[in-house]
Each structure stands twice: as structure tokens, then as C-alpha cells.
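Asker: Structure, please.
(chains A and B)
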Amino acid sequence: MADTDRSEPFVANRYRDRRCGDLRPDDVGAQVRLAGWVAAKRDHGGLLFVDLRDPAGPDADLAGRGGGHLRGHHDDRVVQLVLHPDQEAFSTMARLRLESTVSVTGQVARRPPANVNAKLATGDVEVEVASLEVLSSSEVLPFSVERDSDVGEEARLTYRYLDMRRGPLVERLAKRARFAQLVREHLSGRGFLEVQTPVLTVSSPEGARDYLVPSRIYPGEFYALPQAPQQFKQLLMVGGVERYFQIAPCFRDEASRADRSPGEFYQIDMEMAFATQEDVFGEVELLFGRLVAELSTKRAPSPFPRLSYADALARYGTDKPDIRFGLEVTDVSGQLSGRTELPMFAEAPARGHVVRALRAQGAAERPRSWFDTFGEAARSGGCTGSWLQLPVDGADWKGPLSRKLTTEEMGALVAAVGAQPGDAVLTSVGPAGAASTALGQVRTGLGRELGLADPDLLAFCWVVDFPMYEVNEETGQWDFSHNPFSMPQGGLEALETKGPGEILAYQYDVVCNGVELSSGAVRNHLPEVMEKAFAIAGYSRERIERSFPALWNAFRYGPPPHAGIAPGFDRFFMVLEDQPNIREVIAFPLNQSARDLLMGAPAPVTPEQLSELHLQVVLPRKA
RNA sequence: GGACCUGUGGUGCAGCUUGGAGUGCACGCCGGCCUGUCAAGCCGGAGGCCGCGGGUUCAAAUCCCGUCAGGUCCGCCA
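Answerer: From the prediction side, this is the model:
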């Protein structure tokens, strides 16, 4: 690769005139000055070896491709120094702790053939130290900075800078930087204008909890950090920007998950004027295709397959399916409900219920507790879960259904899902949406446990036709199921003639390997349609005006039809890098409880600060 | 808001099921020896409120309750 170009900006100074990791046999005989960390010492009493490590260069993300898989030290950044006891430097170095920083001068020497270290890029040479300057000394470290050492995450976050020195994290940060560069280069080349939008804005009544910032000059008033630049990007469309993008900071005061950073995260926020859903899909497939091609060795089939929200739920039991493997949920309503005497199946159609089944591969001899977990999951979704365990080695059929179904019925069920000896068949009876959910959880678990998914595949897919509304469990009222600014399919006519539960939206997700990467929509740019759409969710026109004054007003002055999407930047990169959690791709992440173990945030402030902001703290009463 | 898992010298773990002296492993740390190592090696040593509080018991790292911290999940995330 072009790593020679990348190391070009290196400038010699009083600390160093070469990088440790760059020394090669060509340099034998040269006088060099090197600076870095003492990564390892091997003290033979009459001879002292030191591994001197550079800081990570601009091509740190490439380090892993060479010797990065080797155990030991930071092979691409390290060179061996040799010190002899007749020098002043010898005793100084012998006393110096690991991870102290030094600057040394010396001569590059060829190693004797027997002592070449093939694991080091610099393994053919070593530096005979002539002089040593200690630049800083390190105390005993809280944990080993060795590349592959096993360190708990709590310690890594508390001493994030030491975690970085180990190597892999900085290599990911370097790759993340290239990821961001590529996004900018690609989208700019496709005619998208990068615009930065405010971080101090107004609280929005919809969506997640806001982070609030008290105003000093307006007592009792607050800014809010944006959950996403949603309204700003739509205003840019009204303002005549043809295509917009931004690697946008987003702030949401919500609980975190392994794939969801607490507090703050970034989105590749995009919006296009005079554009359709198809236009958005086309641009995203181009962008993602390029990102994968240039940053990953995995395959990403394109164009991305599409499935409707209803199909995703029915076939995979989730709206974010991992389509890298089969084991799809099967609708067996027809097979069983008419034929069996078992009331659970027989009466399903009369209740408007469906019967769904899943081939649980290799599950025939799983413990009772495993099946009970499934049964409990089905019950909590308002469904009835049951199962059938196929015979193993000529033994009996097992599971509740083996006692309740006839041999013919069991045969039909087994045939319907394609079960084999050693498998089990799980069934779920209930409302169409819910019936597959518990089965989908089992499918996901089996996929992981049995390793059914191809690890070299990035299986993107579009999930389209999300419902516009759903019933709020608490209030019983119709709510927007996703973005309230989405255009309903069928427009005003659909809103006026269909039941809220029947109306679909031009609302879509892009999913990869079972992870939701992004939501997007064709926006509702027509005030009269908007008014009707909000009315169904119980919003008066006055409330729209009050809640979204800028957008409401702007849409009175000729808004273009527009559509967009906002792929999660951190999450996409996490999937691309196969990282188990999102903190691994963030330099200074908050922990799961939204606490910064390094800086100590959040923290109390002084009474003076509170007073200046016209705030009083009222702590919750202890229970 | 809820569920589950984890918490043992500086680090990573084992010990907990079935209570019996802080018992063990690897790394690190301190001291000594050592001229070709490269995760150097050899010898010796120090280092512990078993997260914290309460309970059961003759006796608790171990069992029970509470609490704090970290993680995973559900709710939540338009």
C-alpha cells in the first residue's frame, strides 16, 4: 500500500530524526536519533535489550495487516536497542520503568543471522545506543500495556490513554478517521453539501428524552442538544439545498445497549430534495458499497434485498432480520388449524390468530429449561408457545405436542418446517405480529450458537412499508410508530379512508446482519396532509404550530418533496469492524450507565454556578 | 423502571455447588544473579477489609437479605 506517502509528514526535531519502526537493513551504519516508549526490557546483567516503541503513525490502521496478529509487542512500531554496561546510559536504562519515554542516539547495526527476529518489521537490525535522554518517567502501571494482554473494560475506560497505547484501539480510531474521510469524499462527489447544524437548539416534544442546557441570560429557559438534526435538514431542503449530508452529533438521554452509545453518537445524516425512496436507496447502496469495498474484506451483495415490515416480522420475527441464514419462521395455520382436534390450533382462525412454527435445528435434546424460556417469551407476547422434540436414535417423540397431536399431524408439522431427526419444532399461536416474535428470538439465538451465519458476509437489506401508526399500550391511543414527519402511503386519501392501523408510511430501515443501521423516510412536506396525519395521533393544528413552528411555517412557502436517511456512524463502523460493543470504536466513551470513568462526568457543580443559572437542585428522596 | 451475570493482592483468573486458618495459577512489583535476548531466564521476597453493610452459624470468600459498582438484556430509543 501507499504507506511511504503516509509517513511523509514526519519531521525531524531534537527528539528524533527517524521512526523506530521504519529502520531496515538499508539503514545499517546510519547514526539515528529515536524517541518513544520503553515497551520492554531484557536485562542480561552484562547486556541490556530494550524495545523502543513509536507513537502510532498515520497508517496505524494498516498495522494489523502485517504482523499485528503476532503475539508480543507492537511489532510494527518497535525496534530493539542494545546497551552495554560500560556506558552511563546502561544503568539509567536498567533502572527506568516500562512506559517511560526516552530519546536515544546510536548507530543502526545488522543483527547476527542467528539473532534476527522474524516477528518484527525491524527484526533484521538493532540500534547500538550511544546516548540516552530520559524525557519522562513512568510509575508502575495499573495494567500491562502489552498488546494482547487481557484487561477488564472498567480499567481500560478509567485509563483510556493507557488502553490506547496498547495499539488496537488507536488502529481502530485511525480506520474510523479513514471511514469518515471516505464518507465525506464520496458524498461530496455525489453532490451532497456538508452543512453543520446547531448543537444548542430547542427541546422537541417528540422522541427520546432531551439533554437540556440551562440559559443564563433567560432565567427558566433551556436549550436542548439535538436528538438528530431532523428539522434542520428539512429546512435546508426548503432553503434550496439540493442534497445535504453531515456526520452529525446526536444526543439522547436514553438507556444504552451494546450497540447503542449512551448520551451521544454520530449519524451520517442525509437528505435529498425532489427525491423518491428509490433515489435514497440508490445513493445508500452506492455509499455502503464503496465503504465496504475500501475498508473491509467482506462481501456485501448489492442491490440490497427488500422486504416489507410485515414480511420481516412474519418470516424472521423481528424488524431487523439477519438474513445470512435460513431457519425462517413458517406459517402453518393452514396445515394445522383445520385438521387437529387440539383447541389451541383449531380455534386460532376464529380468534383471528395465526399458527407459526420454527425448525429448531439440533434442539431435540436441549434441556427443559431451554424450551420453557421460549414458552415464557411467547406468553409475554400474548401468544401460546408449544413444542415437539423429534426422536433421536429411535427414542420417543417428546415435548407437549407429542402427546396432543396425531402421528399424521406431527408429520405434517415436521414436513412444513423441514425438520430433521435431532431437531425440535417450536410453535406459537397468537396475533399475526406477535406470533413470530418469540420464534424470532429463538432463531437469532440458534443462529449465534450454531454459527449459522457466514462471518464473511455483510448482508444488508431494506425493510420497507413500516406502519404509520401503532396503538400506544399505555394510553390506548394511536401514536406515530416512527417518524411523525414521514409521508403516509396514499397521501391524504389514505388518511381519510383507511383505518390508522392499515396505513403504511414511506418509512424504511436498512439492516445489516441483524443490526439496524439506519432509519429514513420520504418526508411529509404538505401542510394539509401533515395536519391530518397529526390529527390521527391526537395533535391539533395549534399543537403542531407550537411544537414545530419553524417547519410548519417553512412548509407554507413551497417546500420541495424530499426524502432522506441517517445511518448510524458508530454503529455501522462497529459492524464493519466486528466489534462486540460500540465503545470499542469510540475514543472516550461513556460507560453503560452514561458515566465517564476517565473524566468523572457527570459531576456536581458549585452553588455559584447553579445560582448564575437560576437553578436549584432537588434530590430525590431516598426510598 | 425491571431481569440476569460478575465483583477474590496492581492486572487477569480459579476457589463458592457441599461453610472449617486468605488456599492456588499466570502476569506485574521489589531484591539478587546473569553478554544475544526478543512475552528473556534463574533464585528469593513483598503485597489481601475476598466491593460494602447486615443476618444465619461454634465457624462465612463460600449460605441468606440489603446496598454499591461493572456488564448483558427487557422496557425505552419519533
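Asker: State the number of residues packed around whichever residue of the stretch 101-250 of chain A sits closest to RNA strand B.
Answerer: Residue nearest to RNA strand B within the stretch 101-250 of chain A (Cβ to the nearest atom of the strand): residue A:152, separated by 2.5 Å. The way it works is simple: take the backbone N, C-alpha and C, and place the C-beta from them, glycine included. By the criterion of other Cβ atoms under 10 Å, residue A:152 has 9 neighbours.
Asker: Model confidence at it, what's the number?
Answerer: Per-residue pLDDT puts residue A:152 at 92.
Asker: ditto for residue A:471
Answerer: 86.
Asker: And it, how close does it get to residue A:500?
Answerer: Residue A:471 sits at a distance of 9 Å from residue A:500 (criterion: Cβ to Cβ, to the nearest Å).
Asker: For RNA strand B, what's its nearest residue on the stretch 201-350 of chain A.
Answerer: residue A:255 (2.9 Å).
Asker: which SS state does that residue fall under?
Answerer: Here residue A:255 is recorded as coil under DSSP: H, G, I helix; E, B strand; the rest coil.
Asker: show me what contacts the nearest residue to it once chain neighbours are set aside?
Answerer: Among residues not flanking residue A:255 along the chain, residue A:262 sits closest, at 7.2 Å (Cβ to Cβ, 6 or more residues apart in numbering). Residue A:262 makes contacts with A:254, A:255, A:256, A:590, A:591, A:592, A:593, A:594, as judged by Cβ atoms under 8 Å, 6 or more residues apart in numbering.
Asker: Export those to a markdown table and append columns for pLDDT and neighbour count.
Answerer: Below are the contacts of residue A:262 laid out as a markdown table (pLDDT from 0 to 100; neighbours: other Cβ atoms under 10 Å):
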| residue | pLDDT | neighbour count |
| --- | --- | --- |
| A:254 | 93 | 13 |
| A:255 | 93 | 11 |
| A:256 | 93 | 20 |
| A:590 | 95 | 21 |
| A:591 | 93 | 16 |
| A:592 | 93 | 16 |
| A:593 | 92 | 9 |
| A:594 | 94 | 16 |
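Asker: between those, which is nearest residue A:539?
Answerer: residue A:254 (22.6 Å; Cβ to Cβ).
Asker: show me what contacts the closest one?
Answerer: So residue A:254 contacts A:208, A:209, A:260, A:262 (Cβ under 8 Å, 6+ apart).
Asker: So which residues on the stretch 151-300 of chain A come close to RNA strand B?
Answerer: Within the stretch 151-300 of chain A, the positions near RNA strand B by Cβ under 7 Å from any atom of the strand are A:151-155, A:157, A:204, A:206-208, A:227-228, A:230, A:252, A:254-260.
Asker: change it to 6 Å
Answerer: The stretch 151-300 of chain A comes close to RNA strand B at residues A:151-155, A:206-208, A:227-228, A:230, A:252, A:254-255, A:257-258, A:260, as judged by Cβ under 6 Å from any atom of the strand.
Asker: ditto for the stretch 501-623 of chain A
Answerer: A:581, A:591, A:592, A:593, A:595.
Asker: give me the number of residues near the first one?
Answerer: Read it as residue A:581. 17.
Asker: Test my guess that it contacts residue A:258.
Answerer: Yes. Under the criterion of Cβ atoms under 8 Å, residue A:581 makes contact with residue A:258 at 4.2 Å.
Asker: Identify the contacts common to these two.
Answerer: By Cβ under 8 Å, 6+ apart, no residue touches both residue A:581 and residue A:258.
Asker: Which pair in the residues of the stretch 501-623 of chain A next to RNA strand B has the greatest spatial separation?
Answerer: Maximum distance among those (Cβ to Cβ): 15.6 Å, for A:581 and A:595.
Asker: Relative to residue A:376, how far out is the residue of the stretch 201-350 of chain A closest to RNA strand B?
Answerer: Taking Cβ to Cβ, one finds residue A:255 at 23 Å from residue A:376.
Asker: Residue A:518 now?
Answerer: Taking Cβ to Cβ, one finds residue A:518 at 32 Å from residue A:376.
Asker: Between the two, which has more neighbouring residues?
Answerer: residue A:518 (21 against 12).
Asker: just to revisit the earlier point, so for residue A:471 and residue A:500, which sits in the more crowded spot?
Answerer: Neighbours per residue (other Cβ under 10 Å) separate residue A:471 from residue A:500, with residue A:500 holding more: 19 against 13.
Asker: which residues does that one contact?
Answerer: A:468, A:469, A:478, A:536.
Asker: What count of nearby residues applies to the closest residue to RNA strand B within the stretch 301-450 of chain A?
Answerer: Nearest to RNA strand B in the stretch 301-450 of chain A, going by Cβ to the nearest atom of the strand, is residue A:380, at a distance of 7.7 Å. By other Cβ under 10 Å, 12 other residues sit near residue A:380.
Asker: Over to the one 3 residues further on?
Answerer: In terms of burial, residue A:383 registers 24 neighbours under the definition other Cβ under 10 Å.
Asker: Provide a list of residue ranges in the stretch 1-150 of chain A with pLDDT below threshold.
Answerer: A:1-8, A:58, A:62-75 (pLDDT under 70).
Asker: The same query, at a cut-off of 80, please.
Answerer: Scanning the stretch 1-150 of chain A for pLDDT under 80 picks out A:1-9, A:57-75.
Asker: Output the set of residues of it in proximity to RNA strand B.
Answerer: A:40, A:42-47, A:49, A:71-73, A:80, A:82, A:97-98, A:111, A:115, A:117, A:119, A:126, A:140, A:142-144, A:150.
Asker: so of the residues you listed, which ones are in strands?
Answerer: Those of these mapping onto strands are A:40, A:42, A:43, A:49, A:80, A:82, A:126, per DSSP state E.
Asker: Which pair in those residues has the greatest spatial separation?
Answerer: A:43 and A:126 (15.6 Å).
Asker: between those two, which one's more packed in?
Answerer: Shown here are residue A:43 and residue A:126; by other Cβ under 10 Å, residue A:126 has more neighbours (26 against 13).
Asker: which ones are touching the more buried one?
Answerer: A:79, A:80, A:81, A:82, A:108, A:109, A:111.
Asker: Mind doing that once more with 10 Å?
Answerer: A:23, A:28, A:49-50, A:79-82, A:106-112, A:115-117, A:120 (Cβ atoms under 10 Å, 6 or more residues apart in numbering).
Asker: Excluding sequence neighbours, find me the nearest residue to it.
Answerer: residue A:80 (4.4 Å).
Asker: Measure how buried that neighbour is and give me the count.
Answerer: Residue A:80: 21 neighbours (other Cβ under 10 Å).
Asker: And the nearest residue to residue A:397 once chain neighbours are set aside, its phi and psi?
Answerer: Spatial nearest neighbour of residue A:397, excluding adjacent residues (Cβ to Cβ, 6+ apart): residue A:391 at 5.6 Å. Here is the backbone geometry of residue A:391 (degrees, to the nearest 10): phi -60, psi 140.
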